Each structure stands twice: as structure tokens, then as C-alpha cells.
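A.B. asks: below is the structure, and that's it, no one-letter string:
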Ligand SMILES: Cc1cc2nc3c(=O)[nH]c(=O)nc-3n(C[C@H](O)[C@H](O)[C@H](O)COP(=O)(O)O)c2cc1C
Ligand code: SF4
Ligand code: FES
């Protein structure tokens, strides 16, 4: 068996010079999907997208077809591309905006035509200055070439796309916070129900919100067909269905932290954590892995016992974590897990929008407990205390939250998982009254002890395309 | 109070911006308008808030509400250059601590402070979505990655 290999589809030609321009994008097959698109009606397209198995890449992994089906009937409807990309450890949208912005426009045209939308926004994080400049230029080119505007590619269909820059608040990535922000207010999430964007979104109209990567899959699904797309992805030995229909396509995995070659790796879903780390050049200096966060900072951390978990929606969920945004943060033996958690809790304490009390109060409280443990001032019982406080923001065992949005879960997931899985290291800090970095074998609580380690994972079939 | 109004070019840009949103939702142009204003004025002064409120037909409180929520808007004067240092986990794992210390020492400021000559304001930032290039900083609109203290010195030299 060889080594896992990349399968570039969205990132194909992303390094080609001037790929952000219309000419070069077209030379490499860009906008080809539009030739098929307008021969298909809304129902056909909805079926295609649903059958492709495409799931949202923004974090929650909702089936795109399912969401499209829920789209309200009121007019006008809106489309929003979520380019807020702020989840720590995630950086794949940045390079799409900078190097392949026309792919996003093409995807947005497909979604808009399918859902009967004539106005679309790209909510782009304020710090993405180059990305916004490139995307703005691409949109201008598309208007000039008749790809956007009154008559999209010569068809009786109008579409306008506008970019809208945020201003540095993480919570504006949450779709209803984003919508509030787009309306010119503080980015405070709305209560769901009733404010599911597909029903009541921006300007109180039906709104489809998708991540940049999700939309960027659409041109390839339409051009190459659903069957082709279904053939990409995880294959389990024990499924009669071939490729698992819940985990189709490639994923842009962002690998960062202590690896030799951090970067975005596009592979078919289903490689294991270990294989992805290998793909990124392995752990730096041949060090031992201590911890891996598999889906952006909000995802529960994995220990060295859990590295054979396939990184796809289903398996990560079975491992009580999530694929999330696909941000894989690797920590080696030199890492202090208490300090790592303190860093994350600092982030969440800073980014809580302050609207609900459990989150506004519980998040800094959680941070303070971790900070005091790290500073050597922890008290006996603090680890349980930490778990309790975090679980009161949102309970990770019952998967219930006392908050308006799932930011609450995004806080307690890392907090509780770090505290449980690296409990010996946390306790050592408290006992010795200082920061102590234990060897990996001692720092990690054994899986049987106190966290829901997946005892049985579906076994994966090797696909020839995965190997050199 | 220093009065404020858009230059004719920016006013034209503002009117173009308004066309992006439904007519009855001019307030939606708030963030882009504030970005424009900050570009011109350096920060969102009281006069800017009053002016923007007038342009968008909203109350000054509604503008203030937004200005105080978003970290990228400044409600007080800042330096000529803005340096943002990422301090979130992937950058921390890759040694941003050393970069932060170096910057603070060299500029003789803490976070949220401006150098005595008014040239540089140092800010901390959450993940800048460039963790593959960690540790990273942003100088005004430009991102710089894989930093070392030496590289930071070169970049700072260029600002002086
Ligand atoms: C706290 C929080 C932050 C989020 N940040 C982002 C983000 O930066 N980008 C993104 O696409 N989705 C983000 N999401 C998910 C969005 O709410 C939404 O589910 C997603 O944009 C839908 O797109 P998809 O169906 O293509 O995944 C965030 C969610 C939460 C709760
Ligand atoms: S959970 Fe936190 S971020 Fe979400 S609405 Fe409540 S206070 Fe705001
Ligand atoms: S943590 Fe610094 S760019 Fe992501």
C-alpha cells in the first residue's frame, strides 16, 4: 500500500499564474458548467445536488440538497456566500478568493439559478483585503463578459453579486450573526427557530447561506455529473452502497501546527488523521504527536489513541468530534495542553457576542479556570469545576445548549474534551503548582477511562486513487 | 470637534454602495460606509458617526452600536500604520510568542498602544486564516508569514 495522495478538484490549477483572471480561468475549463446549467430546471438541479451527497463545508455539514428543499417561496430571495473564514485553524477559503475567485462566482450562479435568486452577497472577512480585491475584480470581469448582470451568459436570467466586508468579529461567521451584520447591525445571532435563514433570512426574506467551499463544489458537480461526484469519497468495507453517500467528494483539509509542511490538502474524504498528518510531511522533526484537533478549534480534540479515525463527517461524529471546517491543528510532544486550551479559551472569551448570559459569563469563567491552572495556581477539584462550568454553557454529553447559538457548543467542546482527555497533565499542573509538560504517554488519559472513544469504526476499503 | 464629510470621490462610492441593498434597507450599507470613512479619516470620530448616521438615515446610537462591536473600527485616533499580530493557537504553536515579545520591545509599546512618534499602532489579532504561514502578522492591508525576529525587523525598518 502506498502513501495517501492528493486529489485536486477545487484546488486544481490554483497555483497557475493569473488563475484569478477570467481568461486563465476559462482556459482551464472555467464556466463550462454554464453550458449545461441552463438546460436544467430547478427540480432537476435540486435532485442532482441532493443525490451528489454534497454537505456544507462551513461547519455543520448539513446536506445542501436538504437545505435547498427548505428554501422559502417568498420573493425576493437572497444567496449569501459565507467568506468570513474565522474558525482558528481554517484557511482554505482564503486561497480560493485570492487565486480562483471565478470558481466561487460560477458556483454562486449555479445556486442562484437553481433557487430562483437574483441578488447575492459575498460576506468576506474584513482582513481578507487581497481576497476581496481579487474577487471584486473577478466580479467586474464577469459583468463585462456578460456572465453576470441582466442576462447571465446570454440567458433570460439576471444575477447581481456584491461583496460586503466584515470588520473582524468571529461570530459573523455564524449565519444569522452574518445576516444581522449584513443588515448593518451588531453581529448577534438570531434565535432559531423561527429565524432559519432559508425561511426568514436577510431583510426577512428567504436566504440561502453557503460556505465558499460548498459553493465551489457546484461547478464540478454540474459539469461532471452526480455519478462522478458520488464516486469520490469514503468507501467503507461494510456498506453495500459503494462510496458512503454521506461522505462524498473531496475536502480541503487545512493542516497547521507542528507538521513539516503545513498547508491546504485536497483529498477524497476518508483518509485517517494519521494519513493526513503524513500527507503534511509528518510531525516536525520526527516528534511524537500529542494532540490533534480535527475540524477547526471548536472540534473536540483527539489523542494519539485516536489517530486512525477517518476524517469524514460520519467517523468523526462517531468519535464524538466533528469535521467542522476541516482545520486540522497538530500538536507535538513539546505542547502543553493546558496552555493550548488557555489560548483557545482566550479566543472564545474575546469573541462571545455577549448576547446570552451562559456564554457571556461562562466563557471567560472557563478561561479563567484554565488560566489559573496553567499559571500554577490551580486548586484541587479545578478540572471537574472547569468541566462543569463549560458543560453549563453547553452540555457536550447531552448535546444541548443554554445559548442562542451553537457558539456555546464551540466553547465547551474543546474545553471539556481537553480537560478529560489530558486530565493527567492538567492535574500535574495543579499538584506541582507550575506548568509541567508530561511525556505523551503520561499526559493522555487512556480512552477506556473517561471519554467516548469509538470502540468500533467502520473499516475503510482502500481505493486505488488514494495511493501512489 | 473636527467636522467630517466624504470627499467627492468617496461620496460617489457611497452612492454606488447604496445600490447594493434594497432601497428601504440603506442601513445595510453601514459596514462598508464605515470602512470608507475610516479609510479617509483614520478612525471613526464622533463627527464621522454623526455624518454616517445622517447619510444612512439611522440614529447615532445605531452607528455607535456597530462601531463598538467590531474590532476593526477604531473610535480613537491610531498610528499611521496598523500592525496586527496573530496570537491564536496555530500561530502560538509556531512561535508567535517570540514575535510578539520582539515587536513590543522594538516598538516600546504594549498591545493597543501607539509608538510615541504616532507611526505604528500594535494590535493583537485572532486567527487571520493563514495558519499555514504561521506565525503571521498583518501590516495595514498586507499579510506577512513565516516570520522570524530578523524578518520582523526588516518589515519594521520599512515603516520608519
Ligand atoms: C460560531 C460560529 C462560527 C461560524 N463561522 C463560520 C465561518 O467562518 N464560515 C462558514 O462558512 N461558516 C461558519 N459557520 C457556520 C454557518 O453558521 C453556516 O452553517 C454555514 O455558513 C452554512 O454553509 P454550508 O451549508 O455551506 O456549510 C459558523 C458557525 C458558528 C456557530
Ligand atoms: S452563544 Fe455566545 S456568541 Fe452565541 S448568541 Fe449567545 S452570547 Fe452570542
Ligand atoms: S492562528 Fe494565526 S493565522 Fe491562524
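C.D. replies: The structure has been received and is ready for your questions. All of these numbers come straight from a predicted model, not from anything done at the bench. Ligands and ions are numbered 1, 2, ... in the order given.
A.B. asks: got phi/psi on residue 100?
C.D. replies: Let's take chain A. The phi/psi pair for residue A:100 (degrees, to the nearest 10) reads phi -140, psi 50.
A.B. asks: hmm, no, I was thinking of chain B.
C.D. replies: The phi/psi pair for residue B:100 (degrees, to the nearest 10) reads phi -60, psi -50.
A.B. asks: what's the answer for residue A:217, then?
C.D. replies: Torsion angles, degrees, to the nearest 10, at residue A:217: phi -70, psi -30.
A.B. asks: so how many other residues sit close to the nearest residue to it once chain neighbours are set aside?
C.D. replies: Nearest non-adjacent residue to residue A:217, counting by C-beta to C-beta, 6 or more residues apart in numbering or on different chains: residue A:54, 5.6 Å away. All C-beta atoms are positioned from the backbone trio N, CA, C, and that covers glycine. When counting by other C-beta atoms under 10 Å in any protein chain shown, one arrives at 21 neighbours for residue A:54.
A.B. asks: how about residue A:54, what does it touch?
C.D. replies: A:63, A:64, A:65, A:214, A:217, A:218, A:221, A:229, A:248, A:249 (C-beta atoms under 8 Å, 6 or more residues apart in numbering or on different chains).
A.B. asks: try it again with 10 Å
C.D. replies: A:48, A:63-65, A:210, A:214, A:217-218, A:221, A:226, A:229, A:248-249 (C-beta atoms under 10 Å, 6 or more residues apart in numbering or on different chains).
A.B. asks: please apply the same query to residue B:117.
C.D. replies: The contact partners of residue B:117, by C-beta under 10 Å, 6+ apart, come to B:79, B:80, B:160.
A.B. asks: pretty sure it sits in a strand.
C.D. replies: No. When classified by DSSP: H, G, I helix; E, B strand; the rest coil, residue B:117 is found to be coil rather than part of a strand.
A.B. asks: skip the chain neighbours and tell me the closest residue to residue A:293.
C.D. replies: Spatially, and ignoring its direct neighbours in sequence, residue A:293 is nearest to residue A:329 (4.2 Å; C-beta to C-beta, 6+ apart).
A.B. asks: thinking again about what came up before, out of the contacts of residue B:117, grab the one that's most surrounded.
C.D. replies: Neighbour counts for these (other C-beta under 10 Å) peak at residue B:79, which has 20 neighbours.
A.B. asks: helix, strand or coil for the nearest residue to that one once chain neighbours are set aside?
C.D. replies: Leaving out its chain neighbours, the residue that sits closest to residue B:79 by C-beta to C-beta, 6+ apart is residue B:121, at 3.8 Å. Assigned with three-state DSSP, residue B:121 falls in the strand class.
A.B. asks: do I have it right that residue B:121 meets residue B:110?
C.D. replies: No. Between residue B:121 and residue B:110 there is no contact under C-beta atoms under 10 Å: 11.2 Å.
A.B. asks: measure the closest residue to ligand 2 within chain B to residue A:139 for me?
C.D. replies: Here chain B gets closest to ligand 2 at one residue, residue B:69, 11.2 Å apart by C-beta to the nearest ligand atom. Between residue B:69 and residue A:139 the computed distance is 27 Å (C-beta to C-beta, to the nearest Å).
A.B. asks: likewise residue A:181?
C.D. replies: 20 Å.
A.B. asks: so for these two, which sits in the more crowded spot?
C.D. replies: Neighbour count, other C-beta under 10 Å: between residue A:181 and residue A:139, residue A:181 has more, with 29 against 22.
A.B. asks: quick one on the thing from earlier: partners of the residue nearest to residue A:293 in the sheet?
C.D. replies: Residue A:329 forms beta bridges with residue A:256, residue A:293, as assigned by DSSP bridges.
A.B. asks: ok, it - contacts?
C.D. replies: Listed by C-beta under 10 Å, 6+ apart, the contact set of residue A:329 reads A:88-90, A:254-259, A:262, A:291-297, A:299, A:301, A:340, A:344, B:88-90, B:93, B:131.
A.B. asks: on that earlier part again, pull the most distant pair out of the contacts of residue A:54.
C.D. replies: Spatially, the most separated pair among those is A:210 and A:226, at 18.0 Å (C-beta to C-beta).
A.B. asks: of the two, who's got more company?
C.D. replies: Ranked by neighbour count (other C-beta under 10 Å), residue A:210 and residue A:226 place residue A:210 first, with 26 against 18.
A.B. asks: which SSE is that one in?
C.D. replies: strand A:207-211 (DSSP states H and E).
A.B. asks: buried ones in the helix or strand containing residue A:68?
C.D. replies: Element membership for residue A:68 (DSSP H and E) is helix A:64-69. For helix A:64-69, the buried set under the neighbour-count rule, 16 or more other C-beta atoms under 10 Å in any protein chain shown, comprises A:64, A:65, A:67, A:68.
A.B. asks: can you tell me the closest non-neighbouring residue to the last one?
C.D. replies: By that I understand residue A:68. residue A:46 (5.3 Å).
A.B. asks: burial check on the one you found, number of neighbours?
C.D. replies: 18.
A.B. asks: do the one 4 residues further on as well
C.D. replies: Other residues lying near residue A:50 total 17 when counted by other C-beta under 10 Å.
A.B. asks: what's the closest non-adjacent residue to it?
C.D. replies: residue A:65 (2.5 Å).
A.B. asks: give me the pLDDT for that neighbour.
C.D. replies: Residue A:65 is assigned 96 on the pLDDT scale.
A.B. asks: that one contacts residue A:111, correct?
C.D. replies: No. Residue A:65 is not in contact with residue A:111 according to C-beta under 10 Å; the separation is 11.7 Å.
A.B. asks: what sits in contact with each of those two?
C.D. replies: Counting by C-beta under 10 Å, 6+ apart, the residues touching both residue A:65 and residue A:111 are A:45, A:49.
A.B. asks: I'd like the next helix or strand past the helix holding residue A:68.
C.D. replies: strand A:78-83.
A.B. asks: please see if that following strand touches ligand 1.
C.D. replies: Yes. Strand A:78-83 reaches ligand 1 (C-beta under 6 Å from any ligand atom) through residue A:82.
A.B. asks: average model confidence for that strand?
C.D. replies: Strand A:78-83 carries an average pLDDT of 98.
A.B. asks: quick one, it and strand A:207-211 angle?
C.D. replies: 20 degrees (axes from the mean of the first three to the mean of the last three C-alpha atoms, to 10 degrees).
A.B. asks: next structured bit after strand A:78-83?
C.D. replies: With DSSP H and E, the next secondary element past strand A:78-83 is helix A:92-99.
A.B. asks: buried ones in that next one?
C.D. replies: A:92, A:93, A:94, A:95, A:96, A:97, A:98, A:99.
A.B. asks: ok, longest helix in chain A?
C.D. replies: helix A:357-374 (DSSP state H).
A.B. asks: ok, residue A:96 touching residue A:131?
C.D. replies: Yes. Residue A:96 lies in contact with residue A:131 (C-beta under 10 Å); the separation is 8.3 Å.
A.B. asks: can you list residues touching both of those two?
C.D. replies: Residues touching both residue A:96 and residue A:131 (C-beta under 10 Å, 6+ apart) are A:20, A:83, A:85, A:212.
A.B. asks: now the two most distant members of those residues.
C.D. replies: Maximum distance among the shared contacts of residue A:96 and residue A:131 (C-beta to C-beta): 17.2 Å, for A:20 and A:85.
A.B. asks: quick one, which of those two is more surrounded?
C.D. replies: Using other C-beta under 10 Å as the criterion, residue A:20 and residue A:85 rank with residue A:85 on top: 29 against 25.
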